[in-house]
Structure formats: C-alpha cells, structure tokens
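Engineer: the following comprises the amino acid sequence and a computationally predicted model.
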Amino acid sequence: MNRLIKTSVYAAILSLCLAGMSQTYGQFLEAPRASQKGKVSQRVGITDITIKYHRPSVSEREIWGALVPYNEGKPFPWRAGANENTIVDFTHDVKVEGEDLKAGTYGLHMIPAEDEWTIIFSNNSTSWGSFTYNEEEDALRVKVKPEESHMTETLTFSFDEVKATSTVASLNWEKLRVPFNIEVDVHIIVAASFKNELRSVPGFNWQGWNQAAQYSLTNDYDLEQGLKWAEQSLTNQFAGDRNFTTLRTKADILAKMDKTEEAEALMEEALPIGKIGEIHFYGRSLITAEKFDEAIEVFKYNKEKHPDDKFTVWVGLARCYQAMGEKEKAIEHWKVAIEGATEQQKPFYQNILAKLEEEE
C-alpha cells in the first residue's frame, strides 16, 4: 500500500514537472508543416529587404473571394500566407509606394479586394496570423492594384524589377500577382554608413578614405564631402598616403567641380610616381572623356618613362591614335603591341588590328 502511495506521489510530481517544462520550453516537436516556411531577400544598395512567410498551396481550391475573402465593407486583414505572421524586415529606412517607412521588422497583412488591395505594415510582427491584428499598431498602409498572372501553385513572394535604388516586391499565388514598390535613398544611406565605418578599422588605411571619395566621384554625389574624404586619404595622420591613386582621386573630384588648375597640379605630382598600369588607365579614362590631346601626352609620357616596355605603352598609344581617327599610326602601334603580347593575349589584339586594316 505504501508503495502504491509513493508511486502515485512520484507520478504526480513528474506530471507537474513536465507541465512546467512544457510551459517553459514548448510542448511540440519540430515537424514538417503543410504550408512550409519560405524566405526571400533582396539587397538594394546596402539595404537588405527580407520577407519570411509560410507557403500554402492552391490544392484545387478556389482562392480569391473564397478561401481568401474579398473586402465587402468589413475589412479584415489576411496574413499574406499561412500560420504565424508573414514578416518583412528592412535594415534601413525605405519608401513603400512613395510613403516613408522606418527601418525595422513588421508584420505584413493584406486586405484583398477585386480591384484594389491594402498592404499593411504592422509594428506587431510576433502574432499568429491576423487573428489578433490591431489597427492601432499600424506603421503604414498603402493601396495597390492586383494583376492577373501565370499560375503559381504554392504562394510565393518575389523581388522583381531590381534597380539601383528600388525593387518591386510581389505576392504571387494562383493566377494573381500583388506588387508593391520599395524605394531606397541609397546615396544618403551609403554616405552615412561610410562615415560610421571610417571611425573604425577602414579609417586606419588610405584605401577606405579613397573608396568613399571614389563613391562620391562615380555617383556625382556630394562632391564637397567626397573632396574631404579624398583629402583624408592623402593627409590623415594614421592613413594618409600621397600615392598615384589618392592624388588622382582628388584631382578627378576637383576637375568635376571645375577646379581645373588645382586638378592639373595634382596630376603633375602624380604622374612621376605612377606605375605603368596606373598611368595607362589614367590615359584610358581621358580617351573615354574624349580628351584626346591630354590622353596622347599621357601615353607618350608613359612610353618615355618605361622605354623598355613592348606592350602596355604601345597598346595605350594604339588605342589613343585609333580613337583620334589616325589609323596608320594606330596600325603601326598595334603591330608592335602584338609582338610584345603573350600568346594568350595575341588573338584579341590581332582581331582589333585585322578589323582596323579592313577599314583602310
């Protein structure tokens, strides 16, 4: 009898312990779900956009206006998927359909209708579906138009029309596509990121400052700030280096700012310390800018500085003469360059020469 009592007591204690553990750790094992997890990400600039969701299938069901009801004057959001909240995360501030939305993680809900859908970004991203949705937690609502599309059996989010500063996210299910446009102010975000990064390890080498300056130059964005970064790459007490690259970057920014004399003075300092390849590609940039007189002088300087080179300096001169329309000189220089080329390089340059000779 005592044994039975003891057994019952132990069983009761064990039951209480297991109940406590289930409340603390969860009582369900991880098992496959009918609507499996999905995740899709897209980077725009340096901003990462990620959508996490669960993927129901059509399974021969009527979807729109049936399984997913249309708004008939009683708007109740749909979870835009299955199971827990569909969530979307932005690592930086964005614009959705032209409206501002702060960086963060949001519950993504939708109110479907035949002609117009409402996309909802909720500050609550941890609920189960839309059952406890609260409009007061909305961060943003936007209106979009649904589109007919090809058959998609399993609900899919995708990023389409990816551009330098924007993308279109879309929900695709059955024969419907629901797109919404996302824009990113890339230059502002990148510049702010550079300023922060340059306070750490990248700020202790000239390459970091030069990269930031090059970004301003290439994108013609905030050249005054780019000029400050270029100056840091030259004179920073920890990272400054007056080499060909840093001098040229500053000179190029000054030239774009129409400060021609200052730019030319820097390049006069840069050329004597430039390596053969650095000077060559500087000359190529002048060809691209159609500054042929300046380019030819740079290529001639490179030849004088490296008289024993039988390839690079001749390629530079050949390209420049060809761009200037002086075919005979171009042919002459291509022939010398081909003699100095490697066996792997020769076919490429022989093809250029052959085409040029055909034009003669």
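Structural biologist: Great, that's in hand.
Engineer: got the domain ranges for the protein?
Structural biologist: 36-183, 185-274, 289-360 (automatic domain parsing).
Engineer: now do the helices in the stretch 51-200 of the chain.
Structural biologist: Secondary structure of the stretch 51-200 of the chain (DSSP state H, counting those that start in this stretch): helices at 186-197.
Engineer: so how far is Arg242 from the closest residue to Lys250 other than its chain neighbours?
Structural biologist: Closest residue to Lys250 apart from its sequence neighbours, by Cβ to Cβ, 6 or more residues apart in numbering: Ala230 at 3.9 Å. The way it works is simple: take the backbone N, C-alpha and C, and place the C-beta from them, glycine included. Going from Ala230 to Arg242 by Cβ to Cβ, to the nearest Å gives 11 Å.
Engineer: and those two? which has more neighbours close in?
Structural biologist: Neighbour count, other Cβ atoms under 10 Å: between Ala230 and Arg242, Ala230 has more, with 28 against 16.
Engineer: I figured the more buried one hits Ile253, correct?
Structural biologist: Yes - with contact defined as Cβ atoms under 8 Å, Ala230 counts as touching Ile253 (5.6 Å).
Engineer: residues shared between the contacts of the two?
Structural biologist: With contacts defined as Cβ atoms under 8 Å, 6 or more residues apart in numbering, the residues shared by Ala230 and Ile253 are Ala213.
Engineer: can you give me the neighbour number for Glu161?
Structural biologist: 11.
Engineer: to clarify, my last question referred to Gln214.
Structural biologist: When neighbours are counted by other Cβ under 10 Å, Gln214 registers 20.
Engineer: contacts only, for it.
Structural biologist: Contact analysis of Gln214 by Cβ under 8 Å, 6+ apart lists Thr249.
Engineer: how much space separates Ile87 from Pro272?
Structural biologist: 58 Å.
Engineer: so which of those two has more stuff around it?
Structural biologist: Taking other Cβ under 10 Å, Ile87 and Pro272 do not tie; Ile87 has more neighbours (21 against 10).
Engineer: skipping its backbone neighbours, what lies nearest that one in space?
Structural biologist: Among residues not flanking Ile87 along the chain, Ser125 sits closest, at 4.6 Å (Cβ to Cβ, 6+ apart).
Engineer: sorry, back to before: what's the closest of the domains of the chain to His280?
Structural biologist: His280 lies closest, by Cβ to Cβ, to one member of the domains of the chain: domain 289-360, at 5.0 Å.
Engineer: pLDDT of the closest one, averaged?
Structural biologist: Per-residue pLDDT over domain 289-360 has a mean of 94.
Engineer: got a list of contacts for the helix or strand encompassing Glu264?
Structural biologist: Using DSSP states H and E, Glu264 sits within helix 260-270. The list of residues contacting helix 260-270 from outside it, by Cβ under 8 Å, 6+ apart, reads Arg242, Phe244, Leu247, Arg248, Lys250, Ala251, Asp252, Leu254, Ala255, Tyr282.
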